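K.L.:
Dropping the sequence and predicted coords here.
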Amino acid sequence: MSDKNDAAQPSRRRLLQGLGMLGGAAALGGGCPFHTAAADSFSPGTVAPNSRQQAQPFYGDHQAGIVTPQQASMMLVAFDVLASDKAELERLLRLLTERFAFLTQGGPAPAVTNPQLPPMDSGILGADIAPDNLTMTLSVGTSLFDERFGLSKHKPAQLQTMTRFPNDSLDAEQCHGDLLLQICANTQDTVIHALRDIIKRTPDLLAVRWRRDGFIADHAARSNGKETPINLLGFKDGTANPDTHNPALMNQLLWVTDEQQEPAWTRGGSYQAVRIIRFHVEMWDRTPLGEQQTIFGREKLSGAPLGMKNEHDVPDYSKDPDGDLIALDAHIRLANPRTPETDSSLMLRRGYSYSSGITGSGQLDMGLLFVCYQHDLAKGFITVQQRLNGEALEEYIRPIGGGYFFALPGVADKNHYLGQSLLQA
Ligand SMILES: C=CC1=C(C)c2cc3[nH]c(cc4nc(cc5[nH]c(cc1n2)c(C)c5CCC(=O)O)C(CCC(=O)O)=C4C)c(C)c3C=C
Ligand SMILES: [Fe+2]
């Protein structure tokens, strides 16, 4: 693993931009889930879920971190690309691919040799960089397809800048980006190590635009997708997600295939909608239980649809046309009316809670990093959000950031790199 960049020396200005040292620089802008880490330093054989040796395959048709059962820790980091032409963008994508391939499989940390040079690794994981179930998932934003890299004619057909919905108070500093990196792992130190590794190696190529840390309960993550995480409003969140172990269903909902009217290079990728949604938890915690349940249409503790017994029971809205059991404006009923006509708006949600101190007005700053994947952004996220506009839940939430991205297709093997099909289109 080389720390050197292959192409020409970076300009001093871009180097400083990448380090955030120029004023306003950032503003410018399948298979078995458990297998053994590739590194020799780890023992072979099947690895227990949530051990530090648990590794997700890096190579494949699709990127890891989308249908992967949710790990406990997550980070979203959006970047502005500082590369000035297509050749430099290729250097960046090759470098990211190489680092993702290494970090997700793990291995010994590079030896510290010369005390007069910065160490090759931050050292925060010690001598062995364990894979720790790390996934690093790269998506591209619509701004990557401007004039800089000559890619405009290859833009995914539905990729667009996220515009505000009626209940949004979008903060420009927490929106959009040329690239979005979703980093997930069993532990937060592995996530931070991965971020620092990328930042260290790309001062001339990337500037951080915005960043958010997310989490789900450890026990939910340890259940390997069997236990639904509970969000910071106290409701199980993710119950009605489609079965990620069903590849045919994933092709039907998630992955871009030949069926979509999309450029050929996008096959195997997926549209990603990201929303940073702040909760008014002080008000929510003073709201009667019955009202909370009516707002979602589910029981708080069990997660069952109202009037039913078990979390995974399926509501039949045709038998409740007036909303006597589940209100007509309940979140789950609006989000998925369960009619043949609305089947085209199904999506995979992969949300995480966030908690970041207090807001300027002294309220708890916590909420949801809503992330969803689908192969049709308009029929998926945008249609569902339009149905949710005006829902009762709006009184308790405020979307403040995020963006629309396209998760790149997977990397076939070590002779390929992320985004290669786009750059060679
Ligand atoms: C546009 C898509 C969606 C946004 C934005 C969204 C925000 C949001 N959701 C919750 C909490 C829950 N959502 C639940 C179900 C659910 N939500 C969406 C879509 C969006 N949610 C869908 C498609 C569904 C599935 C509906 C179904 O098929 O029945 C639930 C219930 C449990 C579950 O199935 O996950 C909860 C709880 C919050 C707090 C939130 C933003 C503040
Ligand atoms: Fe929801």
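P.N.:
Received the coordinates, thanks. Ligands and ions are numbered 1, 2, ... in the order given.
K.L.:
My understanding was that residue 238 contacts residue 230; is that so?
P.N.:
No. If you go by C-beta atoms under 8 Å, residue 238 and residue 230 don't touch, sitting 9.6 Å apart. Backbone N, C-alpha and C define where each C-beta goes, glycine included.
K.L.:
next helix or strand past whichever helix in the chain runs longest?
P.N.:
The longest helix of the chain (DSSP state H) is helix 86-105. Following helix 86-105 in sequence order, the next helix or strand is strand 107-108 (DSSP states H and E).
K.L.:
mind listing what the helix or strand that that next one is followed by pairs with, with the direction of each?
P.N.:
Next in sequence after strand 107-108, counting helices and strands by DSSP H and E, comes strand 128-129. Strand pairing for strand 128-129, using DSSP bridges, gives strand 107-108 (antiparallel).
K.L.:
Get me the contact residues on the protein for ligand 1.
P.N.:
Within the chain, the positions near ligand 1 by C-beta under 6 Å from any ligand atom are 231, 233, 235-240, 275, 277, 296, 298, 331-332, 335-336, 347, 368, 370, 381, 384-385, 388, 397.
K.L.:
need the helices for the protein, in chain order.
P.N.:
Going by DSSP H, the chain shows helices at 12-18, 86-105, 188-201, 218-222, 247-253, 281-284, 289-296, 331-335, 383-388, 420-423.
K.L.:
Local confidence estimate at the residue in the stretch 51-200 of the chain that ligand 1 sits nearest to?
P.N.:
For the stretch 51-200 of the chain, the residue closest to ligand 1 is residue 165, as judged by C-beta to the nearest ligand atom, at 8.9 Å. Note for residue 165: predicted pLDDT of 98.
K.L.:
Enumerate every residue touching it.
P.N.:
By C-beta atoms under 8 Å, 6 or more residues apart in numbering, residue 165 lies in contact with 385, 386, 389, 399.
K.L.:
Now do the same for the last one: its pLDDT.
P.N.:
On pLDDT, residue 399 comes in at 98.
K.L.:
Near residue 356, how many other residues are there?
P.N.:
Counted with other C-beta atoms under 10 Å, residues neighbouring residue 356 total 12.
K.L.:
now do residue 111
P.N.:
By other C-beta under 10 Å, the burial measure for residue 111, its neighbour count, is 9.
K.L.:
Look up how far residue 120 lies from it.
P.N.:
Using C-beta to C-beta, to the nearest Å, we find residue 111 at a distance of 8 Å from residue 120.
K.L.:
Okay, strands next: where are they in the stretch 251-400 of the chain?
P.N.:
Using DSSP state E, counting those that start in this stretch, the strands assigned to the stretch 251-400 of the chain run over residues 270-279, 348-349, 352-358, 364-374, 397-407.
K.L.:
Mind checking those strands for the one nearest to residue 192?
P.N.:
strand 352-358 (15.0 Å; C-beta to C-beta).
K.L.:
angle of the closest one against strand 364-374?
P.N.:
150 degrees (axes from the mean of the first three to the mean of the last three C-alpha atoms, to 10 degrees).
K.L.:
And strand 352-358, how far out from the chain middle?
P.N.:
Centroid separation for strand 352-358 versus its chain: 16 Å, with C-alpha atoms, centre = their mean, to the nearest Å.
K.L.:
Which positions in that strand come out as buried?
P.N.:
352, 353, 354 (16 or more other C-beta atoms under 10 Å).
K.L.:
before we move on, what about stretch 337-344?
P.N.:
residue 338.
K.L.:
tell me the mean pLDDT for that stretch?
P.N.:
Stretch 337-344 comes out with an average pLDDT of 96.
K.L.:
Could you tell me what pLDDT the model assigned to the closest residue to residue 126 other than its chain neighbours?
P.N.:
In this structure, residue 126 finds its nearest non-sequential neighbour in residue 109, 7.1 Å apart by C-beta to C-beta, 6 or more residues apart in numbering. pLDDT, residue 109: 95.
K.L.:
list the contacts for residue 109?
P.N.:
120, 121, 123, 125, 126, 127, 128, 129.
K.L.:
Out of these, which comes closest to residue 320?
P.N.:
residue 125 (52.1 Å).
K.L.:
Pretty sure residue 396 sits against residue 284.
P.N.:
Yes. Residue 396 is within contact range of residue 284, at 5.0 Å (criterion: C-beta under 8 Å).
K.L.:
Show me the common contact partners of those two, please.
P.N.:
Taking C-beta under 8 Å, 6+ apart as the criterion, residue 396 and residue 284 both touch residue 233.
K.L.:
isn't residue 120 right next to residue 114, touching?
P.N.:
No. Judged on C-beta under 8 Å, residue 120 makes no contact with residue 114 at a distance of 10.0 Å.
K.L.:
Tell me which of the two has more neighbours.
P.N.:
Between residue 120 and residue 114, counting by other C-beta under 10 Å, residue 120 is the more crowded of the two (17 against 7).
K.L.:
What sits closest to that one if chain neighbours are left out?
P.N.:
For residue 120, the spatially nearest residue (C-beta to C-beta, 6+ apart) is residue 110, at 3.8 Å.
K.L.:
distance of that neighbour from residue 301?
P.N.:
49 Å.
K.L.:
who touches residue 310 in this structure?
P.N.:
Shown in contact with residue 310 (C-beta under 8 Å, 6+ apart): 302, 304.
K.L.:
any idea how far ligand 1 is from it?
P.N.:
13 Å (C-beta to the nearest ligand atom, to the nearest Å).
K.L.:
per-residue confidence at that residue?
P.N.:
pLDDT at residue 310 comes out at 98.
K.L.:
What of residue 35?
P.N.:
With respect to pLDDT, residue 35 has a value of 36.
K.L.:
can I have stretch 162-169 written out in CSV, keeping just the CAs?
P.N.:
What follows is stretch 162-169, C-alpha atoms only, in CSV (Å, rounded to 0.1, in the frame of the first residue of the first chain):
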residue,chain,number,x,y,z
MET,A,162,-32.2,18.3,-3.5
THR,A,163,-34.7,21.2,-3.2
ARG,A,164,-36.7,22.1,-0.1
PHE,A,165,-40.0,20.4,0.9
PRO,A,166,-42.5,22.5,2.8
ASN,A,167,-41.4,21.5,6.3
ASP,A,168,-37.7,21.9,5.6
SER,A,169,-35.3,24.5,7.0
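K.L.:
hang on, the earlier thing: which one (most neighbours) among the contacts of residue 109?
P.N.:
residue 129 (27 neighbours).
K.L.:
so what's it up against?
P.N.:
Residue 129 is in contact with 39, 102, 103, 106, 107, 108, 109, 121, 193, counting by C-beta under 8 Å, 6+ apart.
K.L.:
Distance to residue 360 for the residues you listed - can I get that in TSV?
P.N.:
TSV is the format used below for the contacts of residue 129 (distance: C-beta to C-beta, whole Å):
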residue	distance to residue 360
39	46
102	40
103	36
106	41
107	44
108	45
109	40
121	37
193	31
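K.L.:
Thanks again, I'm all set now.
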